[in-house]
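In: got a predicted structure here, sequence first:
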Amino acid sequence: MRTYSTSETAGIIGIHPNTVMLYEKWGYIAPVKRKENGYRVYTETHLDQIKLIRMSLRSELIKCYMKFEVQNIIRSAAQGDLKKALELSRAYLTQIQKEKNNELKVMKIIQKILKDDLQEEKNNLLNRNGAAKLLGVSINVIVYWERNGLLEVPRSKNGYRIYREDEIKQLRVIKALRQENYSTQCICRMLKNLKTKSEGNNIFLSEETEDPDDLLLSSLPEVESNTKELIGYICELISKKQKV
């Protein structure tokens with residue numbers, strides 16, 4: 001059976017040699033044998049496992065739990081239990097599809113937020129404390145959102161932040177997304193996508209006449225597609241193992 005050095009393995013996959021060694025350290029691949037001189041010896045199985053890792057980590061981890069789901073898939077494959085990795089991958093796909101349905105519900109809430117013309121928000125200039133009270137969140141929460149780039153707030157001549165109707169609507173959108181446990185990084189991307197869709201008036205398209213995926217702000221459709229590809233690859237590895 002052919003074997004490979006760390007640099008050869010890295011070159012085949014297209015990653016840095018340090019990344020290959022980190023995968024072993026994290027338990028993402030099977031233990032690697034050493035030569036008498038201490039050099040690592042990788043096999044075809046390791047190459048298959050690293051390809052699976054790269055495929056698993058290709059998608060954006062939109063919610064915190066996804067990290068653990070993906071790690072479980074990777075480590076099951078590293079332990080040689082491909083059937084468990086396949087089972088976990090299929091369960092993960094089911095969860096992703098549920099997340100897509102949940103996001104469509106959130107999009108209805110966001111559409112309502114953007115369409116609503118509330119008197120309490122219209123022509124009203126609030127300070128940070130007033131905005132926090134209106135939304136039912138703490139001041140620290142709004143500070144956190146601002147510091148993480150989710151919201152830019154204009155200031156008055158004396159330097160105080162002013163929350164107008166647009167800023168309040170954006171805060172409501174952020175709150176709706178946070179309640180669905182999207183990561184801060186993901187929300188930042190989703191807000192940019194929302195701005196693009198709103199400018200093109202695509203945020204108000206009918207779900208009955210358009211592809212529902214087009215209404216989503218996150219990359220869940222991409223995650224779903226990548227997970228299906230991962231499942232196909234694990235099936236190939238199982239078939240390959242059975243022929244040996």
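Out: Ah, there it is. Numbering: from 1, shown residues only.
In: C-alpha only now, for contacts and for neighbours.
Out: Fine.
In: now do the worst-scoring helix or strand of the chain on mean pLDDT: which elements does it pack against?
Out: Least confident helix or strand, the chain: helix 184-199 with a mean of 87, by mean pLDDT, DSSP states H and E. Packing contacts for helix 184-199, counted by 3 or more Cα pairs under 8 Å, 6 or more residues apart in numbering; DSSP states H and E, involve helix 165-178.
In: one more time with 10 Å, if that's ok
Out: Here helix 184-199 touches helix 82-115, helix 139-147, helix 165-178, going by 3 or more Cα pairs under 10 Å, 6 or more residues apart in numbering; DSSP states H and E.
In: right, and the helix or strand after the first one?
Out: I take that to be helix 82-115. Counting by DSSP states H and E, the element after helix 82-115 in chain order, helix or strand, is helix 128-135.
In: stretch 146-160 - what's its average pLDDT?
Out: For stretch 146-160, mean pLDDT rounds to 88.
In: distance from the chain centre to it, please.
Out: How far stretch 146-160 lies from its chain's middle: 27 Å, per Cα atoms, centre = their mean, to the nearest Å.
In: dump it to CSV, keeping only the CA atoms.
Out: The C-alpha coordinates for stretch 146-160 follow below in CSV (Å, rounded to 0.1, in the frame of the first residue of the first chain):
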residue,chain,number,x,y,z
GLU,A,146,-22.9,47.9,17.5
ARG,A,147,-19.4,46.9,18.5
ASN,A,148,-19.7,43.8,16.3
GLY,A,149,-20.6,45.8,13.3
LEU,A,150,-24.3,44.9,13.1
LEU,A,151,-25.5,48.4,13.2
GLU,A,152,-24.1,51.9,12.5
VAL,A,153,-25.9,54.7,14.4
PRO,A,154,-25.7,58.4,13.5
ARG,A,155,-24.7,60.9,16.2
SER,A,156,-26.1,64.3,17.1
LYS,A,157,-24.0,67.4,17.2
ASN,A,158,-23.1,66.8,20.8
GLY,A,159,-21.9,63.3,20.0
TYR,A,160,-24.9,61.3,21.3
